[in-house]
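1. next comes the sequence, and after it the predicted model I'd like to discuss.
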Amino acid sequence: MATAVLNERLEAFKKSIDDIIAVVKITEEAALYIKPSENEWSAMQIVSHILEAVDYWVADLEALLVVPGAKWGRNHEHVRRLAAVDENVVSRIKKDYAISKLLNLVPKVEAALARVNDEDLVKTAPSYNPNFDGKPLSFLVDHLIVKHVTGHYEQMVRHLEKVQ
């Protein structure tokens, strides 16, 4: 792993995953599928989104380590992103399966970050998302993997408070 900073990011990611799992474990399964409103995701939609998004961003990170400067990213209309939060898809995800898949994200992120060097963190590349264009790899790690999961944990807690 490149730096102590990346180790801190990994620890923050692990804590967020542990926090999400703890909430999922103590929440009655039926409550995980209730949307607080028509325009908000259920807790399980949030979990499904996290599972898909972390897989996606880790794959992009790994690809950029192999082919620095390649175009990366996506927008909010990406088909896999949309499918991950589709209510018909999410309704088939069971609590134990979600917990297992969340646990599997930790070694995946850990392995990807272990391949990152200090020089990699400052490399930039064009993006399919204009908001991410020219951002360094540190942005992908910090914002799209670590802070993204932390933010969705907080969102999940807020949504469950509304439906319980």
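-> Now that the structure is in, tell me what you want to look at.
2. just for this structure, where's the confidence low?
-> For the chain, the stretches flagged by pLDDT under 70 are 1-2.
3. mind redoing it with 90?
-> Within the chain, the set of residues satisfying pLDDT under 90 comprises 1-6, 74-83, 117-119, 164.
4. what's the closest non-adjacent residue to D60?
-> Nearest non-adjacent residue to D60, counting by C-beta to C-beta, 6 or more residues apart in numbering: W72, 4.8 Å away. (C-beta placed from N, C-alpha, C; glycine too.)
5. tell me what that neighbour is bridged to.
-> S127 (DSSP bridges).
6. touching, it and L65? I think so.
-> No. Contact criterion C-beta atoms under 8 Å: W72 and L65 do not qualify, at 11.1 Å.
7. the more surrounded of these two?
-> Comparing W72 with L65 by neighbour count (other C-beta atoms under 10 Å), the higher total belongs to W72, at 23 against 15.
8. how close does that one get to V146?
-> Distance from W72 to V146, counting by C-beta to C-beta, to the nearest Å: 17 Å.
9. and K71, what does it touch?
-> Contacts of K71 were listed using C-beta atoms under 8 Å, 6 or more residues apart in numbering, and they are 125-128.
10. give me the secondary structure label for A70.
-> Three-state assignment for A70 (DSSP: H, G, I helix; E, B strand; the rest coil): coil.
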